[in-house]
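Asker: A structural model of the following input is requested.
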Amino acid sequence: MFSAKVRGKSTGMTRHGHILPVFLVALVTLVATAPTLWAIPFSKTKIIIEVNATDGDAGIQIFVDAAGWTRLEVFDPNGQKILDVSGSGSVGMQGVTELFFESAEPSFEELPLDELLARFPEGQYTFVGMTVDGQALTGKATLTHNIPDGPVIVSPQEDAAVDPNNAVISWNSVTTPAGIKIVGYQVIVAREKPTLRVFSVDVSSTTTSVTVPPEFMEPKTAYKYEVLAIEAGGNQTISERQFKTR
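Answerer: Coordinates of the predicted model:
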């Protein structure tokens with residue numbers, strides 16, 4: 001580190017000596033902020049919390065989308081880098097578009113929810129990156145700690161025997177905790193054997209039942225299903241069950 005003083009015999013030189021440091025500060029500020037001035041926005045940036053009310057665990061999900069990027073960094077509201085991804089070799093030359101990942105989801109016994117929330121504070125997360133041709137990318141996403149309770153499933157109950165031609169999944173509207181704003185639900189039904197087959201549908205916040213298409217169902221088959229409550233900030237909570245068809 002060093003310091004410099006500008007001295008002169010005339011008033012004019014003293015005046016210029018004061019201007020020079022101001023000019024340097026402005027120049028450094030411009031260089032530091034310039035990349036965001038001409039950066040291309042990511043097509044989509046998202047960070048949410050997903051809780052599994054049945055299993056008692058939670059994790060973070062991040063999604064980005066842009067055309068042909070090769071570098072991605074994500075910073076939390078405190079400026080701490082939490083993700084650093086780069087493509088190399090053939091992937092670096094080709095570029096990436098969509099990227100989705102979810103963190104590990106330790107049980108609440110291993111990592112209580114309040115400790116997870118402390119790791120990922122509420123606020124604006126900053127996404128920066130670079131395209132394969134060297135252009136800057138930028139984006140923002142807001143994470144909240146507004147987490148809905150898990151939907152209370154009405155039917156079918158655990159291990160119930162269900163008519164494959166009339167498989168109706170129903171649940172109670174989620175209204176807790178107080179002040180939560182549910183924007184929709186997602187229902188996912190999966191047959192895991194002999195091969196994985198999945199039915200998924202998004203429904204409105206006022207819908208509380210879904211009929212699984214009969215053509216998806218098979219007799220004497222085991223199914224797992226989930227009902228997700230999604231709040232306005234994107235956070236979601238899952239309740240899950242399983243049933244078998246008659």
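Asker: And the spatially most central residue of the chain, its phi and psi?
Answerer: In the chain, the C-alpha nearest the mean C-alpha coordinate belongs to Ile47, at 2.5 Å (Cα atoms, centre = their mean). Backbone torsions of Ile47, given as degrees, to the nearest 10, read phi -140, psi 130.
Asker: My read is that it contacts Ile60, right?
Answerer: Yes. Between Ile47 and Ile60 a contact is recorded at 6.7 Å, counting by Cβ atoms under 8 Å. For every residue, glycine as well, the C-beta is placed using N, CA and C.
Asker: residue contacts, Val51?
Answerer: For Val51, the contact set (Cβ atoms under 8 Å, 6 or more residues apart in numbering) comprises Asp57, Ala58, Leu113, Ile147, Gly150, Asn235, Gln236, Thr237, Ile238.
Asker: In helices, which of those fall?
Answerer: The helices, defined by DSSP state H, take in Leu113 from those.
Asker: Please convert the contacts of Val51 to a markdown table, extending it with distance to Thr245 and neighbour count.
Answerer: As requested, the contacts of Val51 are arranged in a markdown table below (distance: Cβ to Cβ, whole Å; neighbours: other Cβ atoms under 10 Å):
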| residue | distance to Thr245 | neighbour count |
| --- | --- | --- |
| Asp57 | 29 | 20 |
| Ala58 | 31 | 24 |
| Leu113 | 35 | 15 |
| Ile147 | 33 | 22 |
| Gly150 | 25 | 23 |
| Asn235 | 33 | 22 |
| Gln236 | 27 | 22 |
| Thr237 | 27 | 24 |
| Ile238 | 22 | 20 |
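Asker: any residues in contact with both of Ile47 and Ile60?
Answerer: Shared contacts of Ile47 and Ile60, defined by Cβ under 8 Å, 6+ apart, are found at Phe120.
Asker: does the closest residue to Ser155 other than its chain neighbours sit in a helix, a strand or a coil?
Answerer: Closest residue to Ser155 in three dimensions, ignoring its sequence neighbours and counting by Cβ to Cβ, 6 or more residues apart in numbering: Ser170, at 5.2 Å. Under the three-state scheme (DSSP: H, G, I helix; E, B strand; the rest coil), Ser170 adopts strand.
Asker: Contact partners for the residue nearest to the centre of the chain?
Answerer: Neighbouring residues of Ile47 by Cβ under 8 Å, 6+ apart: Ile60, Gln61, Ile62, Phe63, Val74, Phe120, Tyr125, Ala141, Leu143.
Asker: Just list whatever residues bridge to it.
Answerer: With DSSP bridges as the criterion, the beta-bridge partners of Ile47 are Ile62.
Asker: Same check on Gln236?
Answerer: Gln236 forms beta bridges with Glu50, Ile230, as assigned by DSSP bridges.
Asker: What separation is there between it and Thr138?
Answerer: Plainly put, Gln236 is 26 Å away from Thr138 if you go by Cβ to Cβ, to the nearest Å.
Asker: my guess is Lys81 contacts Tyr125, does it?
Answerer: No. Counting by Cβ under 8 Å, Lys81 stays clear of Tyr125, with 10.8 Å between them.
Asker: Which neighbours do these two have in common?
Answerer: Common contact partners of Lys81 and Tyr125 (Cβ under 8 Å, 6+ apart): Val74, Phe75.
Asker: Looking at the two, which one has more neighbours?
Answerer: Neighbour comparison, Lys81 and Tyr125: the larger count goes to Tyr125, with 21 against 11 (by other Cβ atoms under 10 Å).
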